[in-house]
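Engineer: Okay, here's the prediction I keep looking at, along with the sequence it came from:
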Amino acid sequence: MARSIDYGTLMHQAMRGLMRKVLADVAARGLPGNHHFFITFDTNAPGVRLADWLHDRYPGDMTVVLQHWFTGLEVDDDGFAVTLNFGNRPEPLYIPFDAIRTFVDPSVEFGLRFETHEVEDEDEDGGDEGGDGPEPSAPAAEVVRLDRFRKDNR
């Protein structure tokens, strides 16, 4: 099989690294200016940790906002931990970077969207004699339209 450059995976890794760097800077020095983040993630993804009542309320996707009230932001190679306020009820969360679907900073109109494209195994009994089998395609990273996060005050 011919070797090729997997740009999708490389882009995915670069965008996860960008989020990691931004969040680590905020953990160390706080949010600068008007910056704030809307982060949507898959609550069922491996490694996500959140209270049962939050998972029951958000059984698929959940969007959190890092802006006015958050504490204990800690970033590691795989994700970040933070405590957020839900109706005067502080709740710790751990969100792996691989669980994140969108990362948006509306103060500067910046956003990323991560999409997972799953490939079905066409040969379920593993009889692919000619190679290593199908390779799943990597999640893609794209710029997010910010319109859905804007408040229409008209």
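Structural biologist: Now that the structure is in, tell me what you want to look at.
Engineer: Excluding residues flanking it in the chain, which one is nearest the residue most central in space within the chain?
Structural biologist: Nearest to the geometric centre of the chain sits I100, at 1.4 Å (CA atoms, centre = their mean). Among residues not flanking I100 along the chain, F41 sits closest, at 4.9 Å (CB to CB, 6 or more residues apart in numbering). Every C-beta, even on glycine, is put in place using the N, C-alpha and C of the backbone.
Engineer: ok, now which ones touch that neighbour?
Structural biologist: By CB atoms under 8 Å, 6 or more residues apart in numbering, the residues touching F41 are 48, 61-62, 64, 95, 99-101.
Engineer: let's see it at 6 Å
Structural biologist: 95, 99-100 (CB atoms under 6 Å, 6 or more residues apart in numbering).
Engineer: What of V65?
Structural biologist: Here V65 is in contact with F38 (CB under 6 Å, 6+ apart).
Engineer: which SSE is it in?
Structural biologist: If you go by DSSP states H and E, V65 is part of strand 61-66.
Engineer: Only the buried residues of that strand, if you could.
Structural biologist: 62, 64, 66 (16 or more other CB atoms under 10 Å).
Engineer: ranges for the strands of the chain?
Structural biologist: Listed in chain order, the strands of the chain (DSSP state E) span 37-42, 61-66, 70-75, 79-85, 90-96, 100-105, 110-115, 140-142.
Engineer: List the pairing partners of the first one within its sheet, with orientation.
Structural biologist: Pointing back at strand 37-42 there. strand 61-66 (antiparallel), strand 100-105 (antiparallel) (DSSP bridges).
Engineer: Backbone dihedrals for A51, please?
Structural biologist: phi -60, psi 150 (degrees, to the nearest 10).
Engineer: Averaging pLDDT per element, find the lowest-scoring helix or strand in this structure.
Structural biologist: strand 140-142 (a mean of 48; mean pLDDT, DSSP states H and E).
Engineer: Could you point out which of the strands paired with strand 37-42 sits nearest S4?
Structural biologist: For the strands paired with strand 37-42, proximity to S4 was assessed by CB to CB; strand 100-105 is nearest, at 26.7 Å.
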